[in-house]
Every structure is written in structure tokens, then in C-alpha cells.
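Novice: Need the 3D shape of this:
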Amino acid sequence: MAQLQVRQRGEVLRVVVLSRQLSIGRTPDNGLPLRDPSVAIRHAEITAESGALLLTDLTGGEAVTFVNGHRLAPNQPHRLEQGDEIQIGPFTLSFLADVTAAVTPTPSSGRVDVQGELRARPARSPLPTFPAEQPPRDGAALYTEFLPPFFQESEFLGRYLKIFEALWEPMQRRQDSIELHFDPRVAPPQVLGWMAGWLGIPLDPHWPEGRQRAWLREAITLYRWRGTRYGLTRALETVYGLTPVLREDTAQPHTLTLQLLDSPDGEDTASREAITQFIFMHAPAHVRVTVEFVEPSPPTSPTSDAAPPRDDSATGRRA
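Specialist: Next comes the predicted model:
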């Protein structure tokens with residue numbers, strides 16, 4: 001019986017028994033969900049073929065998968081051997097073949113369900129937009145190359161054709177790469193607001209450009225998870241770079257408590273009111289939501305005592 005041992009920072013999170021097929025990705029509908037922004041929605045897949053287990057990277061090069069420190073080529077099956085170490089984002093997956101007894105962690109019997117880990121990520125720098133500005137062309141116009149040699153020697157004709165070149169060449173470059181104008185990663189900044197209106201999603205102009213592009217890229221996928229804990233967590237990670245801790249108490253049904261870091265690193269900080277309003281928009285309508293902001297704990301030293309964190313909360317209920 002083959003197994004995958006999932007570890008993060010040296011801690012064993014879970015042990016998965018491998019069968020004929022196992023999908024690995026960020027969303028909960030995968031057989032092995034790895035909830036981290038660096039993991040793709042459909043990151044990899046393990047399939048059984050001719051008595052062997054094959055690992056295939058499905059990211060197409062957008063994310064990376066390592067096996068024993070070597071990068072796995074996209075869409076190229078790799079045969080897993082005993083003891084292989086698979087690295088996907090911050091997770092390490094150890095392949096264990098011929099395991100007779102599976103050791104699985106026993107779930108706690110507490111009444112409070114806690115999910116997540118407090119983190120803050122700065123916004124990524126946006127990619128260069130397309131089309132890139134072309135430097136001015138010196139000398140004769142480009143269009144003179146399509147004329148007979150006798151007309152190419154005319155200085156006046158070269159300057160005259162430059163007028164049409166200045167008008168038509170930018171449009172030609174745009175048409176040659178029109179599909180890139182619909183890619184949130186590289187589309188011109190002027191297109192982002194129009195694209196958001198076309199998709200019917202809110203786009204706050206006060207968000208940094210990197211966050212706006214990430215939100216446009218993730219929003220359609222997150223429509224499938226709207227009203228779930230994963231959808232709310234991923235929306236906060238995408239827009240504000242904050243990973244919350246979600247707490248549900250079975251003694252108080254239809255309640256949800258979110259704990260967030262108050263002062264994330266980076267320049268894309270947002271007000272508590274903006275973050276709270278965003279949470280109320282994406283939380284389930286029948287759930288009472290409480291938002292708590294916690295200041296990051298300062299580094300402790302042996303000679304000084306750390307000050308206790310300050311908790312401020314906002315409570316709301318969606319109608």
C-alpha cells in the first residue's frame with residue numbers, strides 16, 4: 001500500500017493512501033488540497049499505470065514542482081520511487097511504497113473548529129504590460145521596404161510614409177497580440193476596470209495594481225467557492241495578502257470568527273473598515289461574522305517581556 005506523507009516546516013500534516021488516481025491542488029475539490037497561494041488550482045496528478053505510480057505536473061510552467069530537488073517538466077509523467085521527496089510550494093510530500101500499516105493522526109474531539117494560520121504577504125510587483133512601447137525608428141519609414149528600389153531612394157517619400165507608419169503600426173501591434181489584452185497579468189492598466197465590469201466583479205481602484213490583477217485572475221474561480229471558508233480565505237489572500245484564522249464553535253451555530261494581522265508588511269495596507277466590509281460581502285449570508293485584528297507579536301528577547309497583543313473586533317451579520 002503506497003502512501004504520501006505531507007509535511008510543512010517539518011510537521012506531518014496528514015498521510016494519504018494512494019489509489020489509482022490522486023489530484024493535487026489548491027482548491028478543496030482536489031484529492032489532496034494544499035491550501036497555499038503558491039500552489040496552482042490543479043497543480044499535479046498521480047496516476048497508476050502498469051503497476052507504477054506516475055507524477056505529472058499540470059501547471060504548464062506557471063508554478064513549479066520539484067522531485068528530489070530537480071524541477072519536474074510540465075506534462076511529463078515521472079515515475080515515483082521509494083523515498084522520493086516531492087516539493088510543492090511550502091509542502092513536502094514523501095512517497096512511501098509498500099507500507100503495511102498506515103498511521104493517521106486522530107482528530108481532536110473539541111467543540112471549536114479552527115482553520116488557518118495568521119500570515120501577511122506583500123503584493124507582487126506587476127509584470128510589464130503589453131504592448132511594450134517601441135522606440136522611435138530612425139531613418140526612412142518601415143513602409144519604404146515594400147516599394148521598388150527606385151522609390152526607396154526618395155527622401156520625401158520616406159518622410160511622407162512615416163505619417164502612416166505612426167498611425168497604423170501601433171494598431172497592427174495591438175491586433176497581433178489582441179489575446180494579451182484579455183490576460184489580467186499583462187493587460188494595459190486602462191483595461192482592468194473595463195474587464196472587471198465585463199466580468200461583473202467589484203474592483204476597488206484604491207487596491208495596488210498587483211492586487212487588482214490578482215483579483216481579476218482569481219475572481220471567476222472563486223465564484224465556485226463563494227460562501228465557503230476556502231473562498232473567503234482565498235479572497236482575503238488575493239486582495240489584501242492576509243491569511244486569516246477561522247474559528248467555528250458548534251455550541252454557537254451560524255457564527256464565524258476571523259482573526260487577522262492588523263499591520264501587514266508592505267505598502268499595500270488597507271483600513272480595518274475596508275477589510276471588514278470586504279469580509280461581509282464574501283461571507284455566507286446566514287452566518288454572523290466577527291472580525292478580530294491582532295497586532296503582530298514583536299520578537300521576544302531573554303531580557304524583555306513581549307507586550308500582549310491588542311485585539312479589536314468588528315461584528316456584522318449579512319442580511
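Novice: mind giving me the domain ranges of this protein?
Specialist: Domain ranges of the chain: 3-96, 114-124+195-317, per automatic domain parsing.
Novice: So for residue 142, which of the ones you listed sits nearest?
Specialist: Smallest distance to residue 142 across the domains of the chain (Cβ to Cβ): 31.7 Å, for domain 114-124+195-317. Every residue, glycine included, has its C-beta placed from N, CA and C.
Novice: so how far is that closest one from its chain's centroid?
Specialist: 14 Å (Cα atoms, centre = their mean, to the nearest Å).
Novice: Over that domain, what's the mean pLDDT, rounded is fine.
Specialist: The average pLDDT within domain 114-124+195-317 is 78.
Novice: quick one, strands of the stretch 51-200 of the chain?
Specialist: Assigned by DSSP state E, counting those that start in this stretch, the stretch 51-200 of the chain shows strands spanning 52-57, 66-67, 70-71, 78-79, 85-88, 91-96, 112-115, 119-120.
Novice: elements contacting the fifth one?
Specialist: In other words, strand 85-88. Secondary-structure packing of strand 85-88 (3 or more Cβ pairs under 8 Å, 6 or more residues apart in numbering; DSSP states H and E): strand 66-67, strand 91-96.
Novice: ok, and for stretch 271-288, which residues are buried?
Specialist: Within stretch 271-288, the residues scored as buried using 16 or more other Cβ atoms under 10 Å are 275-276, 278-279, 282-284, 288.
Novice: whoops, I mixed them up, stretch 43-60
Specialist: 43-46, 53, 55-59.
Novice: One more: stretch 77-91?
Specialist: If you call a residue buried by 16+ other Cβ under 10 Å, then stretch 77-91 has these buried ones: 77-78, 80, 84, 86-89, 91.
Novice: repeat for stretch 173-189
Specialist: For stretch 173-189, a neighbour-count test (16+ other Cβ under 10 Å) marks 181, 183-184, 186-187 as buried.
Novice: closest to residue 206 among those?
Specialist: Residue 206 lies nearest to residue 184 out of the buried residues of stretch 173-189, by Cβ to Cβ, at 17.7 Å.
Novice: The closest one contacts residue 213, correct?
Specialist: Yes: Residue 184 lies in contact with residue 213 (Cβ atoms under 8 Å); the separation is 4.7 Å.
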